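**Q** Model the following, please.
(chains A, B, C and D)
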Number of protein chains: 2
Amino acid sequence: MTVIAADTPEKTISERAYRMIRAEIVSGDLAPGAKLKIEMLRQRYDMGAAPLREALSRLSGDRLVLLSGQRGFVVAPISAKEAADIGNLRKILEIEAIRQSIPLGDTAWEERLITTFHRLSRLEEGEDQGIDTLDEWEKQNAAFHGAIVAACPSDVLLQIRAQLFAQHERYRRFSRIKTVRNRAIHDEHDRLFEAALARDVDTAVEVTGLHIERTTAAVVAALEGEAPAAGQGAPQPA
Amino acid sequence: MTVIAADTPEKTISERAYRMIRAEIVSGDLAPGAKLKIEMLRQRYDMGAAPLREALSRLSGDRLVLLSGQRGFVVAPISAKEAADIGNLRKILEIEAIRQSIPLGDTAWEERLITTFHRLSRLEEGEDQGIDTLDEWEKQNAAFHGAIVAACPSDVLLQIRAQLFAQHERYRRFSRIKTVRNRAIHDEHDRLFEAALARDVDTAVEVTGLHIERTTAAVVAALEGEAPAAGQGAPQPA
DNA sequence: AAGATCAAAAATATCGATTTTATATTTGAC
DNA sequence: GTCAAATATAAAATCGATATTTTTGATCTT
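**A** Take a look at the predicted model:
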């Protein structure tokens, strides 16, 4: 979540590295705790060490990568405790962003809201499309929630919110909880959508709070059932 | 605010670069909007380009540096609007951290609290020592507020809080508002200290809220009186 | 066999040089 | 004289190579 002039469409190799590695960490392709050896990344992405190290440095600020003195980079490990912390914080900040956004949304904001909700609904209500529905759902889910807060005038808030959203997404995906065609989740999205359009801030806030709380609880439960902490012990391959 | 194994006492040049540049930006030695040319930094700090670029990459995640596609790095500009945003957000997060910290503070926490408050008080009540009291006050102020939230169990929260604290500090210093021997500020610190020791969360939260609100208002007023936005137009020398 | 010591291998961090891109300057046309 | 194109300059981004540090593995000792 580096601050970059919004108009930065991958002008540098470093930027590409940042996005690619970030995506792979969030999706779980790079497992929690996995060692990020420069040489291995060089081959994987076909670039020099410099842009990779810059990208990893930035990612460590996003809490997706851990940087340890002369010992290199590691994908941030995962724990049930942190899942809870992230959920709690994300709730607080998402709510604040919504409070600021909804009253200021203009026509373009409404239209974007409608579009993204529609796309998300199709996935949540339609027939199961098969394999990579999850990637697509995560994308549309992020777009929908992003649309709600898009009118929030505070860049600082939006940036931190986006950071937490990404961290939360990583946990959600890692925990393999059922999201894609989950009736309760879709109901909440639906209610959130209606409240936002109706400019009913209090309801939107309430629904969002519950939405995040429920998801977080499910993630924490899944992680606690599985193991106390993943990505701490023996190294996992990428 | 990169995630580094807490035990990282400047093992690398990159880490040193990060800390030094960060300190200079927060203190204002590197002015808002100033161009951060690699060659100039190389000479200033006597190191190669690689560690500098890594440090700057990390700083861009802290919103202290702005990174723009093939155009290099710039010290983040400041604006009255952002001052308000940061203050607002810092209030929310500081309060949350206090809520989590105070109930969990142990004996060591209490002792640290007492020590840091004492040191801060000496500066705020004692005779004016002269020139670099401000640096010292900022240091003790940070230590005191840090001590209050030190028992907060959420690393995520503490990290983001620290980020916002640094940003807020930069604005405070830039705006040149009177902090060091300000009666109102010392009163608030005093009340906050007592409330924390007494484990009176509600009072601590209330005082902190006011404390941050008042400071932020003063900063915003100072910035609005001065200029709409600093560090946007013609380049300022470092 | 467990532990310590040393040597070899691997990986990190950094440098100096090169390539690419942006900015400033000159030149020429109208 | 003003604008635009062409050129020169400066800076950013990246690479390949090297120095340093950590980790691994082997050897020796008690």
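
**Q** other SSEs contacting the longest helix belonging to chain A?
**A** Criterion DSSP state H: the longest helix present in chain A is helix A:201-226. Packing partners of helix A:201-226 (3 or more C-beta pairs under 8 Å, 6 or more residues apart in numbering or on different chains; DSSP states H and E): helix A:80-101, helix A:155-175, helix A:183-197. All C-beta spots, glycine's among them, are computed from the backbone N, C-alpha and C.

**Q** Contact residues of chain A facing DNA strand D?
**A** A:12-14, A:47-51, A:54, A:69-71 (C-beta under 7 Å from any atom of the strand).

**Q** Narrow the residues you listed to just the buried residues.
**A** Taking 16 or more other C-beta atoms under 10 Å in any protein chain shown as the criterion, what is buried in the residues of chain A next to DNA strand D is A:13-14, A:47, A:50-51, A:54.

**Q** Now for those residues: which two are most distant?
**A** Spatial extent of these (C-beta to C-beta) is set by the pair A:47 and A:54 at 10.6 Å.

**Q** any common contacting residues for these two?
**A** Common neighbours of residue A:47 and residue A:54 (criterion: C-beta atoms under 8 Å, 6 or more residues apart in numbering or on different chains): residue A:17.

**Q** roughly how far apart are the single nearest residue of chain A relative to chain B and residue B:68?
**A** Distances between chain A and chain B by C-beta to the nearest C-beta are smallest at residue A:61, namely 2.9 Å. Applying C-beta to C-beta, to the nearest Å, the value for residue A:61 to residue B:68 is 17 Å.

**Q** between these two, which one's more packed in?
**A** Neighbours were counted for residue A:61 and for residue B:68 using other C-beta atoms under 10 Å in any protein chain shown; residue A:61 has more, 24 against 15.

**Q** For chain A, which residues are neighbours of DNA strand C?
**A** A:11, A:35-39, A:49-50, A:53, A:67-73.

**Q** can you tell me which of those are in helices?
**A** A:38-39, A:49-50, A:53.

**Q** Quick check: which ranges of chain A have low pLDDT?
**A** Low-confidence segments of chain A (pLDDT under 70): A:1-9, A:128-131, A:227-238.

**Q** Give me the spatial nearest neighbour of the residue nearest the centre of it, chain neighbours excluded.
**A** Of all residues in chain A, the one closest to the mean position by C-alpha atoms, centre = their mean is residue A:166, 2.2 Å from it. Sequence neighbours aside, residue A:26 is the residue nearest to residue A:166 in space, at 5.6 Å (criterion: C-beta to C-beta, 6 or more residues apart in numbering or on different chains).

**Q** The one you found against residue A:64, yeah?
**A** Yes - between residue A:26 and residue A:64 there is a contact under C-beta atoms under 8 Å: 7.2 Å.

**Q** Name the residues contacting each of those two.
**A** A:166, A:170.

**Q** Which strands and helices lie in contact with the host helix or strand of residue A:43?
**A** Residue A:43 belongs to helix A:38-45 when assigned by DSSP states H and E. On a contact count with 3+ C-beta pairs under 8 Å, 6+ apart, helix A:38-45 meets helix A:13-27, helix A:49-61.

**Q** buried set for the longest one?
**A** For helix A:13-27, the buried set under the neighbour-count rule, 16+ other C-beta under 10 Å, comprises A:13-15, A:17-18, A:20-22, A:24-26.

**Q** start to end distance for stretch A:171-187?
**A** 22 Å (C-alpha to C-alpha, to the nearest Å).

**Q** Of all the residues in that stretch, which ones are buried?
**A** A:171-175, A:177, A:179-180, A:182, A:185-186.

**Q** how far is that stretch from where the chain is centred?
**A** 13 Å (C-alpha atoms, centre = their mean, to the nearest Å).

**Q** give the contact list for the closest residue to DNA strand C within chain A.
**A** Using C-beta to the nearest atom of the strand, residue A:72 is the residue of chain A that sits closest to DNA strand C, at 3.3 Å. Residue A:72 makes contact with A:35-38, according to C-beta under 8 Å, 6+ apart.

**Q** Over to residue A:153. Which of the three states is it?
**A** coil (DSSP: H, G, I helix; E, B strand; the rest coil).

**Q** Quick check, it in contact with residue A:104.
**A** Yes - under the criterion of C-beta under 8 Å, residue A:153 makes contact with residue A:104 at 6.4 Å.

**Q** Leaving aside the residues adjacent along the chain, what's closest to residue A:64?
**A** Per C-beta to C-beta, 6+ apart, closest to residue A:64 is residue A:25, 4.8 Å.

**Q** mind checking how far that neighbour is from residue A:116?
**A** Residue A:25 is 24 Å from residue A:116, by C-beta to C-beta.

**Q** Check residue A:10 too.
**A** Taken as C-beta to C-beta, the span from residue A:10 to residue A:116 is 23 Å.
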